[in-house]
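In: got a predicted model here, sequence first, then my questions.
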Amino acid sequence: MLGRIAKGYDEPLPIFTKGRGQRSRLGSELRRTATIAFGQRPLIVDAACNIGVQLVGPMCTSAGVMGRRRVLSDEVWRDLRSQGVTRMYSERSVMLRQGSPGTHLLALTSGLAKVVCREPNGARTWLAFRGPGDLLGEVSVFNGTSRTADVVALTPCAAVVLDAQRFVQFVEERGLVMHLMRQALARMRESDIHRAELQTLPLVVRLARTLLRLAVLTDQMPGSSPVRLTGLNQEEVAQAIGVTRNAVISGLGQLRAAGLVETARRVIVISDVEALQRWATAH
């Protein structure tokens, strides 16, 4: 879960490591903002590594299909990008590595990435997909801890590398604490909806919703067809919807038979977006 409610309301549970100057002050401000939002039940955003905070990201609709909602103005996002340098990442390269220190974060400007956690037994747990406009690695910057997940480029990606201290200063100067809090809450809701879908919706509905969300995440608006999704293999889709690879093959087969999608190696083409949207709400 993205956040947790403190058991003892008067017990301080700082988001940032004490004694880290700006990070500690910004952590206190986020904590005050949370108190305003929840009265005497302060929200501590200390598990955001599993989901991540997005400054420009998707939001859920009642149908479960997500649309793109801009939280920062174009000017602020442009200014944020000017604080660092752009780096290119090749397909399947590791953009951020689990266990490394949070010396910097990335502002993703193009491409599709996934967030995965490496377990002690060697297994990898899928956590999220990320697209243009998302921040990557901001949690370790805020908490002053090592990274708790890998970020892997699924397609060629471009991202602005932002120094940790410079980013924190930018957030303070621009008064972006509330924006961060809103996005933390939005990611909590998305995570809750995703878990509910895993428990209640048929496989093919979850698959349809995931494909539509990826279309939006990669800035391919669901109003036009066809939509081409690249970089994903069937195992990654299976992890995202909580089923086996064989189940995904079966689900894609149903969508393909209905004329909704076409598939090739690491390519899924949505042939009829409107029809897929109807499948996504058929529950």
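Out: Okay, I see it.

In: and the end-to-end length of stretch 237-250?
Out: 12 Å (CA to CA, to the nearest Å).

In: report the buried residues of it.
Out: By 16 or more other CB atoms under 10 Å, the buried positions in stretch 237-250 come out as Val237, Ala238, Gln239, Ala240, Ile241, Val243, Ala247, Val248. Just so you know, the C-beta spots here come from the backbone N, C-alpha and C atoms, and that holds for glycine as well.

In: tell me how far Leu276 lies from Arg265.
Out: Distance of Leu276 to Arg265, given as CB to CB, to the nearest Å: 21 Å.

In: looking at these two, which one has more neighbours?
Out: Leu276 (24 against 7; other CB atoms under 10 Å).

In: about what we covered before: mind listing which of the buried residues of stretch 237-250 are in helices?
Out: Val237, Ala238, Gln239, Ala240, Ile241, Ala247, Val248 (DSSP state H).

In: excluding chain neighbours, what is closest to the last one?
Out: Among residues not flanking Val248 along the chain, Ala238 sits closest, at 4.4 Å (CB to CB, 6 or more residues apart in numbering).

In: my read: the one you found touches Ala247, true?
Out: Yes: here Ala238 reaches Ala247: they are 6.7 Å apart, a contact under CB atoms under 8 Å.

In: thinking again about what came up before, a markdown table for the ones in helices among the buried residues of stretch 237-250, including distance to Tyr89 and pLDDT?
Out: Output for those, formatted as a markdown table (distance: CB to CB, whole Å; pLDDT from 0 to 100):
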| residue | distance to Tyr89 | pLDDT |
| --- | --- | --- |
| Val237 | 21 | 95 |
| Ala238 | 24 | 95 |
| Gln239 | 21 | 92 |
| Ala240 | 21 | 92 |
| Ile241 | 26 | 93 |
| Ala247 | 30 | 96 |
| Val248 | 26 | 96 |
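
In: looking at those residues, spot the one nearest Glu190.
Out: Among these, Ala240 lies closest to Glu190 (CB to CB), at 12.7 Å.
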